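Participant: okay, here's the prediction I keep looking at, along with the sequence it came from:
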Amino acid sequence: MRIVQIIDSLEAGGAERMAVNYANALAKKISFSGLITTRKEGALRGQIDSKVSYLFLKKKKVIDFQSVFRLRNYIKKNKIDIIHAHSSSFFIAVLVKLTLPRIKIIWHDHYGTRSKETKEKNKVLILLSAFFSSIFVVNLQLEEWNTKNMNCSKVIFIPNFTTSGHAHEKVTTLKGIPNKRIIFLANLKKPKNHILILKAFFDLKLNESEWTLHLIGRDYGDDYSDLLKNFIKSYSLENYIHLYGERNDIKYILSQASIGVLASTEEGFPVTLLEYGLENLAVVSTNVGYCSSVIKDGFTGLLFDPFSDDEVKSQLRNLVDNEALREMLGYNLKQSILEHYSEEITIKKLISAYKITY
């Protein structure tokens, strides 16, 4: 098989990380593995394996004929069988298929919120889904929505995975005291719900026992970001809640923390939980999307309703006060991830799904 992953950017988001993970893992398993980013590179550019064929299309507008024909030439030159299009990159994949009918498109839906959206909001996607050979989804709610609404009969659940990989660079040193650091790995945007964790940190007075909270993720400099910064300043938490922006040395950063949090009001299948687990972090997580399948409450982590201030405070307090519980949950989560969400297991499922299309 000769397969190329397509994604619109290489910024550090969940869908982007999975496109890179797939391309890297497949390079060891199939005759050709490629990765194309359409409109923007980013932090993940440096994580692409040297065995992966890489192309940046430099797409400037919604319909950019130069990019379409650059992609078409790449597909012909490398004799690609399948375009694996992630998220919004389906549009350019369909434009190419109109000029190369033999090419097969698999579309990968990572967007957890879609399961609550109407057909009207997704009318372009639904119309163009007639050109898809298969649809991959990251949770069961998305599987149900796509099966019901899309013009494609093959809808397949493929779990996300992460890999321990290499440590890469060690650049970011977290502030605060070892064994008292809470990490929140998510870009600063809706629906990641950072303010819930900031409020819980303040209400629990965790700063008084020298705990610190560390936000890792892209800062868009918008109203969402301002809300968080104003909260930190208003309650004089500058020495206890730290924003680092987008970082490349995630594995090293996580190795310095004790607790990982995720508070989203909507999720697909957050790779963040897998990354936390591989570094033995005890996790306090929202229960939306596929989170409650990855995190078994009380065994591999603690879950809460992201609309309940009391629940998140109770669960966070449980972990902060109990080091033995943190160690137990961190160990159990890592073992569960190695058993169910390893690269080897997931890539076998992925290749089997490709063969159905192929």
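Facilitator: Okay, I see it.
Participant: can I get the lowest-mean-pLDDT helix or strand in the chain in CSV? Just the C-alpha atoms.
Facilitator: One helix or strand of the chain scores below all others by mean pLDDT, DSSP states H and E: helix 343-357, with a mean of 91. Output in CSV follows, covering the C-alpha atoms of helix 343-357 (Å, rounded to 0.1, in the frame of the first residue of the first chain):
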residue,chain,number,x,y,z
GLU,A,343,1.3,2.0,18.4
GLU,A,344,1.5,-1.7,17.4
ILE,A,345,-2.1,-2.6,18.3
THR,A,346,-3.6,0.5,16.7
ILE,A,347,-1.6,0.3,13.4
LYS,A,348,-2.7,-3.3,13.0
LYS,A,349,-6.3,-2.1,13.2
LEU,A,350,-5.5,0.8,10.8
ILE,A,351,-4.0,-1.4,8.2
SER,A,352,-6.9,-3.8,8.3
ALA,A,353,-9.3,-0.8,7.8
TYR,A,354,-7.1,0.4,4.9
LYS,A,355,-7.4,-3.1,3.3
ILE,A,356,-11.2,-2.9,3.3
THR,A,357,-10.9,0.3,1.3
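Participant: name the helices or strands packed onto it?
Facilitator: Under the contact definition 3 or more C-beta pairs under 8 Å, 6 or more residues apart in numbering; DSSP states H and E, helix 343-357 sits against helix 14-26, strand 104-109, strand 132-137. Any C-beta I mention is one placed from the backbone N, CA and C, and that applies to glycine too.
Participant: right, and the helix or strand after the second one?
Facilitator: Scanning forward in sequence from strand 104-109, with DSSP states H and E defining helices and strands, the next element found is helix 123-128.
Participant: the least confident helix or strand of the chain vs helix 14-26, what angle?
Facilitator: Taking axes from the mean of the first three to the mean of the last three C-alpha atoms, to 10 degrees, helix 343-357 and helix 14-26 form an angle of 90 degrees between their directions.
Participant: for the stretch 251-358 of the chain, what spans make up the strands?
Facilitator: For the stretch 251-358 of the chain, applying DSSP state E, counting those that start in this stretch gives strands covering 259-262, 282-286, 302-304.
Participant: may I ask you to confirm that Glu208 belongs to a helix?
Facilitator: Yes: judged by DSSP: H, G, I helix; E, B strand; the rest coil, Glu208 forms part of a helix.
Participant: ok, back up a step: so which of the strands of the stretch 251-358 of the chain is nearest Asn122?
Facilitator: strand 282-286 (23.8 Å; C-beta to C-beta).
Participant: put the alpha carbons of the closest one into PDB.
Facilitator: Extracted in PDB, the C-alpha atoms of strand 282-286 (Å, rounded to 0.1, in the frame of the first residue of the first chain):
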ATOM      1  CA  ALA A 282      -2.200  10.700  37.800                       C
ATOM      2  CA  VAL A 283      -5.000  12.100  35.800                       C
ATOM      3  CA  VAL A 284      -8.100  14.200  36.600                       C
ATOM      4  CA  SER A 285     -10.200  14.300  33.400                       C
ATOM      5  CA  THR A 286     -13.500  15.500  32.000                       C
END
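Participant: what stretches of the chain score poorly on pLDDT?
Facilitator: Residues of the chain that meet the criterion pLDDT under 70 lie in 164-168.
Participant: care to break it down by domain?
Facilitator: Annotated domains of the chain cover 2-161+342-357, 181-340 [automatic domain parsing].
Participant: wait, what's in contact with Lys192?
Facilitator: With contacts defined as C-beta atoms under 8 Å, 6 or more residues apart in numbering, Lys192 is in contact with Ala186, Gly217, Ala263, Ser264.
Participant: circling back: mind putting the strands of the stretch 251-358 of the chain in CSV, distance to Met328 and mean neighbour count included?
Facilitator: Listed next are these as CSV, based on distance: least, C-beta to C-beta, whole Å; neighbours: other C-beta atoms under 10 Å:
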stretch, distance to Met328, mean neighbour count
strand 259-262, 13, 27
strand 282-286, 8, 28
strand 302-304, 11, 23
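Participant: ok, back up a step: can you list the domains of the chain in TSV and add distance to Glu169?
Facilitator: As requested, those are exported to TSV (distance: least, C-beta to C-beta, whole Å):
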stretch	distance to Glu169
domain 2-161+342-357	9
domain 181-340	5
